[in-house]
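A.B. asks: fold the following, please.
(one chain, ligands or ions: 2)
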Amino acid sequence: MAKNTWSEKAKRTLTSVLPVSKNRVGTCNRCGQCCKLPNVCPFLDYDKDGYSICKIYKFRPLNCRKYPRTEDEKVCKNCGYYFITEDDKVLTK
Ligand code: SF4
Ligand code: SF4
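C.D. replies: Ligands and ions are numbered 1, 2, ... in the order given. Next comes the predicted model:
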């Protein structure tokens, strides 16, 4: 798992033009954790039920849209996305 550092954020930003891993499964549970990497984003908000909201959702940057793009860049333990192996794919067919 990657560390929550500015250098990791810079890496995510620079590589955000690349495609999302085909091994990613799951869904966003709107925990908002990825909007705090490594600082709390000023556009992060929460609805009355405690789910995260992006105040600039339609215009959010690529690294936000694609997080976590690869298993290597996953920082948030409670993220609803996870990554399966090629073997897992065969077993689910
Ligand atoms: S721009 Fe939106 S999606 Fe991106 S970190 Fe900020 S609140 Fe989260
Ligand atoms: S950490 Fe994962 S589940 Fe949580 S808001 Fe970000 S993408 Fe969604």
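A.B. asks: counting neighbours, what do you get for residue 18?
C.D. replies: 11 (other Cβ atoms under 10 Å). In this view, the C-beta of every residue, glycine as well, is placed from N, C-alpha and C.
A.B. asks: touching, it and residue 72? I think so.
C.D. replies: No: Residue 18 is beyond contact range of residue 72, at 11.8 Å (criterion: Cβ atoms under 8 Å).
A.B. asks: the residue nearest in space to the middle of the chain and ligand 2: what is the separation?
C.D. replies: A centroid search over the chain (Cα atoms, centre = their mean) returns residue 67, at 2.5 Å, as the residue closest to the centre. Here the distance between residue 67 and ligand 2 works out to 5 Å (Cβ to the nearest ligand atom, to the nearest Å).
A.B. asks: from ligand 1, how far off is the nearest residue to that residue once chain neighbours are set aside?
C.D. replies: Among residues not flanking residue 67 along the chain, residue 34 sits closest, at 4.6 Å (Cβ to Cβ, 6 or more residues apart in numbering). Going from residue 34 to ligand 1 by Cβ to the nearest ligand atom gives 7 Å.
A.B. asks: contacts for the longest helix along the chain?
C.D. replies: Counting residues, the longest helix found in the chain (DSSP state H) is helix 6-14. Contacts with helix 6-14, where a contact means Cβ atoms under 8 Å, 6 or more residues apart in numbering, come from 2, 37-38, 61-63, 67, 69, 73, 75.
A.B. asks: with stretch 41-50 instead?
C.D. replies: 32, 35-36, 52-56, 60.
A.B. asks: any part of it near ligand 1?
C.D. replies: Yes: applying Cβ under 6 Å from any ligand atom, one finds stretch 41-50 touching ligand 1 at 41, 43-44.
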